[in-house]
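Enquirer: All I have is the shape, not the residue letters:
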């Protein structure tokens, strides 16, 4: 923001024929800086930076070829299919790679959902190619078509469940008489999904291996 304001002020002074180091420039600069700051702030609020290469429509901005303007992201749809009970809160995680991770592993919280309620979670990903100095060459030797291992996408979710013994007591489940040992377990404590995918291409898939009713109630 400071850089844009400085360039804008310098261009405005030059267009008006005012020397940059003159007393008149100092008086004009403060007023122009405030006006430009307000205009740039408004432009930032309106612009969707990932979709516009030059949101300010100014000539002195250039596209940086070293920057990814639309970072990789994963959209996860979470739905509570139960008609009577709230879902449990938890966490959903993402990782991918072909023997080594391509993107940094991410975890975000899943809120508890009302019956029939759904939520869409967007996870923006950090590419690992530039994580370490000198790692780029090693990374390129493993990826971008050089590896015989397919890229894999992994989605995993876990749920915040109450203590199993307390939940068994709440449900009225009785223990076997001594000397027998009773062990209570949850049917499902987490969800896992894996699939091969092609990097840089849109990937949309529904998990056909799991029945959502397995995770209800």
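Expert: Now that the structure is in, tell me what you want to look at. Model, not experiment: these values are computed from the prediction. Numbering: from 1, shown residues only.
Enquirer: Just grab the bridge partners of residue 120 for me.
Expert: Residue 120 has these beta-bridge partners by DSSP bridges: residue 77.
Enquirer: From residue 35, how far off is it?
Expert: Residue 120 sits 39 Å away from residue 35, going by C-beta to C-beta, to the nearest Å. Just so you know, the C-beta spots here come from the backbone N, C-alpha and C atoms, and that holds for glycine as well.
Enquirer: Specify which residue of these two has the higher count of neighbours.
Expert: Applying other C-beta atoms under 10 Å to residue 120 and residue 35 shows that residue 35 carries more neighbours, namely 14 against 9.
Enquirer: phi, psi of the more buried one?
Expert: phi -70, psi -40 (degrees, to the nearest 10).
Enquirer: pLDDT score for it?
Expert: Each residue has a pLDDT score; the one for residue 35 is 77.
Enquirer: For it, which residues are in contact?
Expert: Residue 35 makes no contacts at all, as judged by C-beta atoms under 8 Å, 6 or more residues apart in numbering.
Enquirer: Next one: it from residue 28, what distance?
Expert: Applying C-beta to C-beta, one obtains 11 Å for the distance of residue 35 from residue 28.
Enquirer: quick one: residue 153 is in a helix?
Expert: No - using DSSP: H, G, I helix; E, B strand; the rest coil, the assignment for residue 153 is strand, not a helix.
Enquirer: which residues are contacting the longest strand belonging to the chain?
Expert: Assignment by DSSP state E gives strand 101-110 as the longest strand of the chain. For strand 101-110, the surrounding residues in contact (C-beta under 8 Å, 6+ apart) are 72, 78, 89-97, 119, 121, 123, 125-128, 131, 143, 151, 157, 199.
Enquirer: Could you do stretch 176-192 as well?
Expert: Residues contacting stretch 176-192 (C-beta under 8 Å, 6+ apart): 154-159, 161, 164-165, 167-168, 173, 175, 210, 214-215.
Enquirer: Just give me how far that stretch sits from the chain centre.
Expert: Centroid separation between stretch 176-192 and its chain, computed with C-alpha atoms, centre = their mean, to the nearest Å, is 36 Å.
Enquirer: quick one: buried residues of it?
Expert: For stretch 176-192, a neighbour-count test (16 or more other C-beta atoms under 10 Å) marks residue 191 as buried.
Enquirer: model confidence over that stretch, on average?
Expert: Rounded mean pLDDT across stretch 176-192 is 87.
Enquirer: Check the separation of the first and last residues in that stretch.
Expert: Terminal residues of stretch 176-192 lie 33 Å apart, using C-alpha to C-alpha, to the nearest Å.
Enquirer: hey, where'd the strands end up in this protein?
Expert: Under DSSP E, the chain gives strands at 73-79, 90-97, 101-110, 118-124, 152-159, 190-196.
Enquirer: what's the burial count for residue 116?
Expert: 11.
Enquirer: can I assume it is in contact with residue 83?
Expert: Yes - the pair formed by residue 116 and residue 83 meets the contact definition of C-beta atoms under 8 Å, at 6.6 Å.
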